[in-house]
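Asker: Below are the sequence and a predicted model; questions follow.
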Amino acid sequence: MENKIKRCFKAGELAEARSFEKGYRGAWFRCRIKEITKRNRNLGYVSEYYDFPDEKVKWTKFFQVPPYNVAKAKEHRELMLRPAYPPISTEKQIPSVISEVTVVVNDTWKVGDLVDWWTTGCYWSGKITQLLGNDKAQ
């Protein structure tokens, strides 16, 4: 597993990290990986949040047990870092030259779609339950 993590993430890259702190479950924060190291046989990373420059830089384990699943700690650990989400374009907005991975959307949102949306300085994961019109959804 350690080699797979080291192939997926590298120091200097942009990524998204999450926290199990109360009030932030389900949120992903944009960050830059400063280094990847091992402590006490646990692989972890040091990152800085670029939307929260005053936040303390700290070392975090790649896999952690969520506080709501402590009874099954050995069985259920979750990844705390994911690659940065690529830019999104509709078919009409595709740039003539694409220099990086880009998501191209050719459909409209529907009830039941899984989404990540940006608000209050982080990405939140959820499911669309109602379309409100004017490109807004609940």
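Answerer: Here it is on my side, so go on. Residues are numbered from 1 along each chain as shown.
Asker: just checking, His58 touches Tyr45?
Answerer: Let me fix one detail, which is that residue 58 is Lys and not His. No. With contact defined as CB atoms under 8 Å, Lys58 does not count as touching Tyr45 (9.9 Å). Heads up, the C-betas are built off the backbone N, CA and C, glycines and all.
Asker: Between these two, which is the more surrounded one?
Answerer: Tyr45 (22 against 10; other CB atoms under 10 Å).
Asker: Sort out which residues of the host helix or strand of the more buried one are buried, please.
Answerer: For Tyr45, the host element (DSSP states H and E) is strand 42-49. Buried residues in strand 42-49, counted by 16 or more other CB atoms under 10 Å: Leu43, Gly44, Tyr45, Val46, Ser47, Tyr49.
Asker: Need those residues in TSV (columns: distance to Val65 and pLDDT).
Answerer: Listed next are the buried residues of strand 42-49 as TSV, based on distance: CB to CB, whole Å; pLDDT from 0 to 100:
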residue	distance to Val65	pLDDT
Leu43	15	89
Gly44	14	92
Tyr45	17	92
Val46	21	93
Ser47	20	93
Tyr49	22	89
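Asker: between these, which is closest to Tyr68?
Answerer: Of all these, Gly44 has the smallest distance to Tyr68: 21.6 Å, by CB to CB.
Asker: what's the closest one in contact with, if anything?
Answerer: By CB atoms under 8 Å, 6 or more residues apart in numbering, Gly44 lies in contact with Ile36, Thr37, Lys38, Trp59, Thr60, Lys61, Phe62.
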